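# pasting the sequence and the predicted model now:
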Amino acid sequence: MIARKLGYFRALGVFGVLAVVSVLAVFTWWLTLVPSNDRDWLIDVAEQPSAVIDGDRLTVHNVRNFRYRSETDYAPAWETRSYDLADLHGIDLYLVYWGPTLIAHMLLSWEFEDDEGNRDHLAISIETRKEKGESYSALLGFFRQYELYYVVADERDVIGLRTNHRDEQVYLYPLTASRETARAVLLDYFAAINGLVKQPRWYNAMTHNCTTAARKHSIAVAGKSAWDWRFLLNGSIDELAYERGTVDTTLPFDEFRRRSNITERSKAAPLGPEYSDVIRNGLP
């Protein structure tokens, strides 16, 4: 009887050692995974954006401006665009809901306006860079499965895709940031974007996602702000922005949020140069 028990514990110990060794082996292998810019990418993330800054002149390469017939049927277009940083007016925050409202996709857009009143917008969305045959998995997003990618795009592309073809709900919030802050954050974004050309990085669903990465850019410019649970469950980050005064607070929050829903305006807007103005009609 005693011998049988000893044999049982010995077998259990051997199993435990093998389990620990297996876990360590997998973890060691995981640490050896290296991000790359050289893979067979999906078409919508195939080109790497980059920028050249010369004084107030910002030249951006590979601005995505696809024309979508459906989510998977589109005419690719990658453009080089130039902006005068002296014309930069501010930043807008987008929140995109595809299902549960506890979580949203967050992206920023910068507004330029010249002396004649001509406006332009440049949107940047922090996402995963997926290979052909891959689809996004929230679980795999924690485990070095996807490279980090900044979509630099025309609003007609990155917003129109979500409202018109993915049937997602989109909210638009102009931020109260000064021109100087808007410029500094934009330049910090492009420092990271240019850095990815030289040294790719892994996306991480917890530590380097659309919201935590944007927060790091903000901290780099404005300094550290108090942590809040809504940086992770970011579906309520508009409420946090309202509480902290980084958006207009003239209206009660519920009314402010209702007016900020641009989904139907985006669906009805012509996909021409006036698109960005039309979706902003009626904003608080």
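Good, I have the coordinates. The shown structure was predicted, so the numbers you read here are calculated from the model rather than taken from an experiment.

# all contacts plus neighbour counts: C-alpha atoms, from now on.
OK.

# average model confidence for stretch 123-131?
Across stretch 123-131, pLDDT averages out at 97.

# bridging residues for residue 79?
Beta-bridge partners for residue 79, by DSSP bridges, are residue 63.

# how are the helices of the stretch 101-250 of the chain distributed by residue range?
155-158, 160, 179-198, 212-222, 237-244 (DSSP state H, counting those that start in this stretch).

# and the strands in the stretch 101-250 of the chain, which stretches?
105-113, 119-129, 147-153, 169-174 (DSSP state E, counting those that start in this stretch).

# buried deepest among these, which one?
strand 147-153 (a mean of 24; mean count of other Cα atoms under 10 Å).

# which helices and strands sit right next to that one?
The elements that strand 147-153 packs onto, with contact taken as 3 or more Cα pairs under 8 Å, 6 or more residues apart in numbering; DSSP states H and E, are strand 57-64, strand 119-129.

# circling back: lowest-confidence stretch among the helices of the stretch 101-250 of the chain?
Lowest mean pLDDT within the helices of the stretch 101-250 of the chain: helix 212-222, a mean of 94.

# ok, residues contacting it?
Helix 212-222 is contacted from outside by 126, 181, 184, 185, 188, 189, 206, 207, 225, 231, 232, using Cα atoms under 8 Å, 6 or more residues apart in numbering.

# between strand 119-129 and that helix, find me the angle.
Relative orientation of helix 212-222 versus strand 119-129 (axes from the mean of the first three to the mean of the last three Cα atoms, to 10 degrees): 130 degrees.

# name the residues of helix 212-222 that are buried.
Of all the residues in helix 212-222, those buried under the rule 16 or more other Cα atoms under 10 Å are 212, 213, 214, 215, 216, 217, 218, 221.

# right, and the pair among those with maximum separation?
212 and 221 (14.5 Å; Cα to Cα).

# quick one: residue 112 and residue 92 touch, right?
No - using Cα atoms under 8 Å as the test, residue 112 is too far from residue 92 to be in contact (11.4 Å).

# give me the most central residue, this structure.
Residue closest to the average C-alpha location in the chain (Cα atoms, centre = their mean): residue 126, at 2.5 Å.

# tell me the contacts of it?
107, 148, 149, 150, 151, 209, 210, 213.

# how near is the spatially closest residue to the fourth one that is not a sequence neighbour to residue 270?
Spelled out, it's residue 150. Spatially, and ignoring its direct neighbours in sequence, residue 150 is nearest to residue 126 (4.6 Å; Cα to Cα, 6 or more residues apart in numbering). To residue 270, residue 126 is 26 Å away according to Cα to Cα, to the nearest Å.

# next: residue 241.
30 Å.

# more neighbours: these two, which one.
Comparing residue 241 with residue 270 by other Cα atoms under 10 Å, the one with more neighbours is residue 241, at 18 against 15.

# show me the contacts for the more buried one.
By Cα under 8 Å, 6+ apart, the residues touching residue 241 are residue 247.
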